[in-house]
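K.L.:
okay, predicted coordinates and the sequence, questions at the end:
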Amino acid sequence: IKIGGELFFIMIFLYIDTVIYFLLAFYLDAVIPREFGVTKHPLFPIRNLIRWVKRKKTPATDEEEQNILFVHDDIDPDERVEDELSVESQEEDVDVTKEADMIRNSQIPSSSPIVIQNLRKIYKAKAGTPEKIAVQCLNFHVEKGECFGLLGPNGAGKTTTISILTGLFPPSSGNALIGGYSILEDMDKIHRIMSVCPQFDTVWMKLTCQETLLFYARLKGIPSKEEKSHVKSILEKVGLGQYAKRKAKDLSGGMRRRLSIGISLVGNPKVVFLDEPTTGLDPETRRHLWDVLLEIKKGRCIILTTHSMEEADILCSRIGIMSRGRLMCIGTQLHLKNKFGEGYTLHVNFTERNEQSVLNFISNLLPGATLMENFAGNCIYQLKKQDLTISELFEEMESNKKRVGVVDWGITQTTMEDVFIRIARRDEHDEELNG
């Protein structure tokens, strides 16, 4: 090609066009809204420069630096007032209000890996379906070394919350910091320090367990000299050591679940999201994985969603229960049991022909007992601690059970399942009252 000739300039302009179109495609891919993922601010290429210039002109105060969450809280003021009024009208729990105030006033530990402020997600109305508020004014934080249990019935907003925090969907308003990075602007950095075990297994059926974990190890940047030993240790942890060479398509449902949990451990992430991780596992495997999760939570932060109250009770340091997109309560297991539990639960089994005799006997023996369920020869009573002396109850039940027709009976302390059911029923009752 002759320098200075027509073909020379054509090639030069082709190279320039290639660079321009590449940069334009990269920019538009980052800022144009799409179904999945969080779009970036239109000025994202120069935002760091703008911030640097602003800091030079007016240095930020400590208060401004602490209020980073509010800088990105895009909720409309009128919408915020409406949201807060709706929450107040539904008698927000004192602990939930206290948690929100602590975040608002920067009273939480500065090292907290997860901080969520006024998170809100609205699915717009479509043909035949009305607008749905999936997450409403959500506020909580999770500290380092803590396993936070996010519980709730189906459709409560748990999976939507995790999807927002992991970058699958953008929030309608509000913000969250993961490892100090904003989910609105720094999702690329967040992905380097977090991992997720989704509710449903997503593995390549043609890859072996070892190949699957090696793929993610390379994505996470594990040094090539260490990747094989790193993958081997994870396979051993989740109980797949002897199945390293077996393809995913040949694994049982429980084994695939273990593989999904193994994927979430690759790269030693600082923040781990576990969306119903033990679904479909047999009791022995489930308990083995509980030991694994108790071990890996040291030094990192975990958010766990589950329908197993026993699992939440064993693994979690604190628990939050959601319903209809709202956080209904938050606290340690003991705190929630003392606050929402009624002391003891009495289970009585009887023959159906003796039902009235048994119910009369219990009402006379325990006037303060509340009948929670009565179905097919089985009734459940809730008892307050002050209304009961266990030794007297045992003596009366044992001496009269044949006479009144009791087949067997038992008494237990309030469990997380009792707390969960009570909160869910209270919320259903509130919903019916509100129309």
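P.N.:
On my side now, so go ahead. Residues are numbered from 1 along each chain as shown.

K.L.:
now the strands for the stretch 1-150 of the chain?
P.N.:
Counting by DSSP state E, counting those that start in this stretch, the stretch 1-150 of the chain has strands at residues 114-123, 132-142, 147-151.

K.L.:
the last one: partners in the sheet, and parallel or antiparallel?
P.N.:
Yep, that's strand 147-151 we're talking about. Sheet pairing for strand 147-151, assigned by DSSP bridges, gives strand 301-305 (parallel), strand 318-323 (parallel).

K.L.:
helix or strand next in line after the longest one, which one?
P.N.:
Per DSSP states H and E, strand 318-323 leads on to strand 326-331 as the next helix or strand towards the C-terminus.

K.L.:
what's in contact with that following strand?
P.N.:
The contact list for strand 326-331 (CB atoms under 8 Å, 6 or more residues apart in numbering) reads 87, 90, 92-93, 95-96, 99, 136-140, 152, 157, 318-322, 336, 339-340, 423, 427. For the C-beta atoms, the positions are set from N, CA and C on the backbone; glycine is no exception.

K.L.:
that strand: partners in the sheet, and parallel or antiparallel?
P.N.:
Under the criterion DSSP bridges, strand 326-331 sits next to strand 318-323 (antiparallel) in its sheet.

K.L.:
from the chain's centre, how far out does the strand it pairs with sit?
P.N.:
Offset of strand 318-323 from its chain centre (CA atoms, centre = their mean, to the nearest Å): 9 Å.

K.L.:
next, the angle from that strand to strand 132-142.
P.N.:
Strand 318-323 runs at 170 degrees relative to strand 132-142, counting by axes from the mean of the first three to the mean of the last three CA atoms, to 10 degrees.

K.L.:
what is the mean pLDDT for strand 318-323?
P.N.:
Strand 318-323 shows a mean pLDDT of 92.

K.L.:
in it, which residues are buried?
P.N.:
Buried residues in strand 318-323, defined by neighbour count with 16 or more other CB atoms under 10 Å: 318, 319, 320, 321, 322, 323.

K.L.:
next one: stretch 322-339
P.N.:
322-331, 333, 336-337.

K.L.:
CA atoms only: put that stretch into PDB for me.
P.N.:
What follows is stretch 322-339 as a C-alpha-only set of coordinates in PDB (Å, rounded to 0.1, in the frame of the first residue of the first chain):
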ATOM      1  CA  MET A 322     -40.300 -11.500  55.100                       C
ATOM      2  CA  SER A 323     -43.900 -11.500  53.900                       C
ATOM      3  CA  ARG A 324     -45.400  -9.700  50.900                       C
ATOM      4  CA  GLY A 325     -42.100  -8.000  50.200                       C
ATOM      5  CA  ARG A 326     -41.700  -6.500  53.700                       C
ATOM      6  CA  LEU A 327     -39.400  -7.500  56.600                       C
ATOM      7  CA  MET A 328     -41.800  -8.500  59.400                       C
ATOM      8  CA  CYS A 329     -39.200  -9.200  62.100                       C
ATOM      9  CA  ILE A 330     -35.500  -9.500  62.700                       C
ATOM     10  CA  GLY A 331     -33.300 -10.800  65.500                       C
ATOM     11  CA  THR A 332     -31.600 -13.800  66.900                       C
ATOM     12  CA  GLN A 333     -33.500 -17.100  67.200                       C
ATOM     13  CA  LEU A 334     -33.800 -16.800  71.000                       C
ATOM     14  CA  HIS A 335     -35.000 -13.200  70.700                       C
ATOM     15  CA  LEU A 336     -37.700 -14.200  68.100                       C
ATOM     16  CA  LYS A 337     -38.800 -17.200  70.100                       C
ATOM     17  CA  ASN A 338     -39.200 -15.100  73.300                       C
ATOM     18  CA  LYS A 339     -40.900 -12.300  71.500                       C
END
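
K.L.:
and the longest helix for the protein?
P.N.:
helix 6-31 (DSSP state H).

K.L.:
off-centre distance for that one?
P.N.:
43 Å.
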